[in-house]
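K.L.:
Next input, structure requested:
(one chain, ligands or ions: 2)
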Amino acid sequence: MTTSNCSCCSHATTPQKQENVNGKADNDQLVISSDPEHPANLICELCRMFYNNGWVTGTGGGISIREGNNIFVAPSGVQKERMVPENMFVMDLEKQEYLRRPEIYKPSACTPLFLSAYTMRNAGACIHTHSQNAVMVSLLFDKVFEISSIEQIKALPKIVEPGNLWYSDKLVIPIIENTEKEEDLTDSLQEAIREYPGATAVLVRRHGIYVWGETVWKAKIYNEAIDYLLEIALKMKQFNIPTVKPK
Ligand SMILES: CSCCC(=O)C(=O)COP(=O)(O)O
Ligand SMILES: [Zn+2]
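P.N.:
Ligands and ions are numbered 1, 2, ... in the order given. Okay, here's the model as predicted:
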């Protein structure tokens, strides 16, 4: 596979097969599986899907998945749609120590943000996208994004109590300010998680969105439903339709 380097650092932007001096990557058994639902396989499959939606292009964004106490994280600065399972980092969540660390990469800069969703919300997966809908909404709303009375809202959880939101419930997503480095978003993301116990996502102004869920499939559904709602909200704004319907 041809490789190239990231313009801002020495990262290989095209993921490579990771091999040690013996020609075998360490702890391969943690990431190599014929099960299509193994986290390392799912990260690659979902990132290709997200890339096709324009959510993780140009190396931005990604997804992390938790399986029990192990969390799976992609490398930083690589083309997320071209990754292979051997590229994945595996971390012991409780000890916060890497069990598998491909030497030629750094772990995703989003790792401390993913960890926040795992430790503070017991998430099973966390998705980060650079969706243009998320970026545009962050420019049109101030502290929070709010929308109500759109059927798609029913795909999203209440979090503070069992079950999903109703059609006429208000979905509220906090917006935090961007920072120069992804990892420096951690404190404000954690603050937003504490301040909005009913939130399953946080928007990052001029940057994108973090969405998490109890399982990888729930996180995927929430991310899709939220992106739909962000997109429709942008259209409503263009027609001066309030995104929250007066009761
Ligand atoms: C053009 S991507 C800039 C970094 C970023 O915002 C991001 O989401 C990707 O981080 P990673 O370290 O996972 O490549
Ligand atoms: Zn990002």
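K.L.:
Which of the three states applies to the residue lying closest to residue 197 once chain neighbours are set aside?
P.N.:
Excluding the flanking residues, the one nearest residue 197 by CB to CB, 6 or more residues apart in numbering is residue 160, at 5.5 Å. To be clear about C-beta, it is placed using only N, CA and C from the backbone, and glycine gets the same treatment. Going by DSSP: H, G, I helix; E, B strand; the rest coil, the secondary structure assigned to residue 160 is coil.
K.L.:
what comes into contact with the helix ranked longest in the chain?
P.N.:
Using DSSP state H, we find that the single longest helix of the chain is helix 216-238. With CB atoms under 8 Å, 6 or more residues apart in numbering as the contact definition, helix 216-238 has outside contacts at 39, 42, 46, 53, 55, 63, 65, 123-127, 129, 131, 133-134, 136-137, 140, 145, 147, 150, 152-153, 155-157, 171, 173, 200-201, 209, 211-213, 242-243.
K.L.:
hmm, which of those are the buried ones?
P.N.:
With burial judged by 16 or more other CB atoms under 10 Å, the buried subset of the contacts of helix 216-238 is 39, 42, 46, 55, 63, 65, 123-127, 129, 131, 133-134, 136-137, 145, 147, 150, 152-153, 155-157, 171, 173, 200-201, 209, 211-213, 243.
K.L.:
Narrow those to those in strands?
P.N.:
Among these, the members falling in strands are 63, 65, 125-127, 129, 145, 147, 171, 173, 201, 209, 211-213 (criterion: DSSP state E).
K.L.:
For those, which two are the farthest from each other?
P.N.:
For those, with distances taken as CB to CB, the pair at the greatest spread is 65 and 147 (27.8 Å).
K.L.:
what's near enough to touch residue 170?
P.N.:
Residue 170 makes contact with 146, 147, 148, 244 under the criterion CB under 8 Å, 6+ apart.
K.L.:
one more time with 7 Å
P.N.:
When contacts are counted by CB atoms under 7 Å, 6 or more residues apart in numbering, residue 170 is found next to 146, 148, 244.
K.L.:
Setting aside sequence neighbours, what's the nearest residue to it?
P.N.:
Setting aside the residues directly before and after it, residue 170 is nearest to residue 148 in space (CB to CB, 6+ apart), at 4.3 Å.
K.L.:
repeat for residue 113
P.N.:
Nearest residue to residue 113, sequence neighbours excluded (CB to CB, 6+ apart): residue 189, at 5.4 Å.
K.L.:
Is the one you found located within a helix, as I assumed?
P.N.:
Yes. Counting by three-state DSSP, one finds residue 189 located in a helix.
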